[in-house]
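Student: Sequence first, predicted model second:
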Amino acid sequence: GEDVEQSLFLSVREGDSSVINCTYTDSSSTYLYWYKQEPGAGLQLLTYIFSNMDMKQDQRLTVLLNKKDKHLSLRIADTQTGDSAIYFCAESGPSGGGADGLTFGKGTHLIIQP
Amino acid sequence: DVKVTQSSRYLVKRTGEKVFLECVQDMDHENMFWYRQDPGLGLRLIYFSYDVKMKEKGDIPEGYSVSREKKERFSLILESASTNQTSMYLCASSTPDSYNQPQHFGDGTRLSIL
């Protein structure tokens, strides 16, 4: 079945860039997503990328997709204390994000050091 | 903005009780989903629904059932709660109108079974 892998922890200094990586196995995925979960809260959609794109930028966020290697990354520029959260990578499968459940990674805890 | 509301943030029940978790969305979305989130396991799909009175099993449906009597409401039912169902439960909704519609999540219900 589909599988999505992420590192469990990432520690960065405030003001540096954070890069969170994700690998997935389903090559037929239509969309790939990044969600953010703050303590005690649900998942907040950060951004997504269509599988025929290789990059998407949205303010401080840059998503890179290497479809050949099935590798997705999320770069957060100028990391702030408010970015401290768990970041989930998710893939949609061939039906697209609306029509089926998503497959999630286990989440990466982003820790910000002063 | 899409609003997905889960009726309780925290819930404590006893083993053997019948437990109802309620989820309501206000965007007329056709698709609704129930996930559980556990440390080290990430999010796992329990059930989803494409339309009123329709339901499909996800990856871990055992011990759960669902009800979709109205389009805006999707209920998760624990027929006879057990301690291994202690978890964070997340509801999500989406529309199949176009493939770039991601899933929107509620804030979660943290359920403890004693």
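Tutor: All right, it came through fine.
Student: for chain A, where's the lowest mean pLDDT among helices and strands?
Tutor: strand A:103-104 (a mean of 87; mean pLDDT, DSSP states H and E).
Student: Next SSE downstream of it?
Tutor: Sequence order places strand A:108-113 as the next helix or strand after strand A:103-104, per DSSP states H and E.
Student: Show me where chain A has its strands.
Tutor: Remark: strands assigned in chain A by DSSP state E are A:4-6, A:9-13, A:18-24, A:31-37, A:43-50, A:55-58, A:61-66, A:71-76, A:85-91, A:103-104, A:108-113.
Student: Run me through the strand neighbours of the fifth one, direction for each.
Tutor: It refers to strand A:43-50. With DSSP bridges as the test, strand A:43-50 is paired with strand A:31-37 (antiparallel).
Student: Which of the helices or strands spans residue B:75?
Tutor: Assigned by DSSP H and E, residue B:75 falls within strand B:73-78.
Student: Which strands and helices lie in contact with that strand?
Tutor: On a contact count with 3 or more Cβ pairs under 8 Å, 6 or more residues apart in numbering or on different chains; DSSP states H and E, strand B:73-78 meets strand B:19-25, strand B:31-38, strand B:42-49, strand B:64-70, strand B:87-94. C-beta coordinates here come from the backbone N, C-alpha and C atoms, glycine included.
Student: Could I get the average pLDDT for that strand?
Tutor: For strand B:73-78, mean pLDDT rounds to 97.
Student: and the angle from that strand to strand B:19-25?
Tutor: With axes from the mean of the first three to the mean of the last three Cα atoms, to 10 degrees defining the directions, strand B:73-78 sits at 160 degrees from strand B:19-25.
Student: Give me the contact list for strand B:73-78.
Tutor: Applying Cβ atoms under 8 Å, 6 or more residues apart in numbering or on different chains, the contact partners of strand B:73-78 are B:13, B:17-25, B:32-34, B:46-47, B:49, B:63-68, B:85, B:89, B:91, B:93.
Student: Those residues: which ones sit near chain A?
Tutor: For chain A, the contacts drawn from these by Cβ under 8 Å from any Cβ of the partner chain are residue B:33.
Student: I'm done for today, thanks for sticking with me.
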